[in-house]
Structures are given as C-alpha cells and as structure tokens.
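Undergrad: Following is a predicted model, sequence given first.
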Amino acid sequence: MEIDSDGNDENDEEIPGNFHSKPKRNPNKSSIRNRLNQFGETPLHTACIAGNLVQVERLISQNVDLNAKDFCGWTPLHEACNHGFITIVEYLLRKGVNIESCDDRSDRITPLHDACNCGHFDIIRLLLNYNANVLARNSNNETPVECLMSWRERR
C-alpha cells in the first residue's frame, strides 16, 4: 500500500461537503469519514443528503457513527427521510440506526416527523413498519400525523 504525503492511501476517497482539516492516517485521530463540515455534518450525512447509497454503504462498512448529529441535531436518518431517499432509509434501518433520534437542537423532530413534514408516504410506511413512535411530539407539541396534515394543507 502506498501512502502519499498527506497520509492518504489509494483506497481513500475525498468526500464532498467542504470538510475541514487535512486527512490523517493516525488511527487514534479522526479520519475523513468522521470529519465535520461547516454545518457539523459528517460524510455520512452528506451522502444521505445526496442520495448516494454506494457512499453510504462504504462509510458504514468503515464503522462510522450511524447516529451522529450535526449542529442542528439532525442524524443521517433525518436527512435521508427529509430528502426522500427510501433505499437509504431502509439501509440505515437495517443497520440499526436510532429511529427515534431527536433532541432540543432539532426541535424534538423525529425522522417520522421529518418524513411527514415532507409528505414522503413510502418512507412514512417504512418507518411505521419499523415501529416508529406515532405519538412522539416535537417542540411545537405536534405528532407526526399532525405534521402530515400540515404538509397536506401547504400543498
């Protein structure tokens, strides 16, 4: 294996998303797959936003944190639900992500709230099949069903 002057080997791949710091190959230091961009997003977040299943699979095979939160409290699952990428949502669920992830930074919005806010019915059904909590309330005291009704009114 050849390693260049930046510490990268031929298997390393630059991941889009404006990530800070130079790549390091020290196993005790953060690698590119764990670096944050200006929004606190990991490469897994940006792969989910872009709908890049191949990149998602590659990153997960490298044992990245599936439940990492960006600066707003969003996880990769939130991003995939928000952007409507059902194949990525299903893959993440099969890998054991936290389906109920939310915190005050994300206004207590769960991935199910997110899918309902965007009207992604196929993702809503999938999340329900994985027992997502339909009674969860966001910081506006709304359930996912109420978010779906609001989405319908906005259309």
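TA: Thanks, I have the structure now.

Undergrad: Tell me, what's the model's pLDDT at the nearest residue to L135 once chain neighbours are set aside?
TA: Excluding the flanking residues, the one nearest L135 by CB to CB, 6 or more residues apart in numbering is T143, at 6.1 Å. Any C-beta I mention is one placed from the backbone N, CA and C, and that applies to glycine too. With respect to pLDDT, T143 scores 98.

Undergrad: What of S106?
TA: 87.

Undergrad: sec struct for the residue nearest to C147 when sequence neighbours are not counted, please.
TA: Distance criterion CB to CB, 6+ apart; nearest residue to C147, sequence neighbours excluded, is C116 at 4.1 Å. Put simply, C116 is helix when judged by DSSP: H, G, I helix; E, B strand; the rest coil.

Undergrad: Hmm, C116 is touching R152, no?
TA: No: taking contacts as CB atoms under 8 Å, C116 lies outside contact range of R152: 9.7 Å.

Undergrad: Compare those two (neighbour count), which wins?
TA: Between C116 and R152, counting by other CB atoms under 10 Å, C116 is the more crowded of the two (29 against 10).

Undergrad: Can you tell me how far the more buried one is from R125?
TA: In this view, C116 and R125 are 11 Å apart by CB to CB, to the nearest Å.

Undergrad: for N140, same thing?
TA: The gap separating N140 from R125 is 24 Å, by CB to CB.

Undergrad: again, but for E142
TA: 20 Å.

Undergrad: of those two, who's got more company?
TA: Neighbour count, other CB under 10 Å: between E142 and R125, E142 has more, with 20 against 12.

Undergrad: tell me the contacts of the more buried one?
TA: For E142, the contacting residues are H113, S150, by CB atoms under 8 Å, 6 or more residues apart in numbering.

Undergrad: And for the one 5 residues further on?
TA: If a contact means CB under 8 Å, 6+ apart, then C147 has H113, C116, N117, N138 as its contacts.

Undergrad: residues in contact with the third one?
TA: With contact set as CB under 8 Å, 6+ apart, N117 has these partners: N82, I109, C147, L148, S150, W151.

Undergrad: Now do it against V54, distance only.
TA: Note on N117: its distance to V54, by CB to CB, is 27 Å.

Undergrad: try the last one
TA: According to CB to CB, N138 and V54 sit 32 Å apart.
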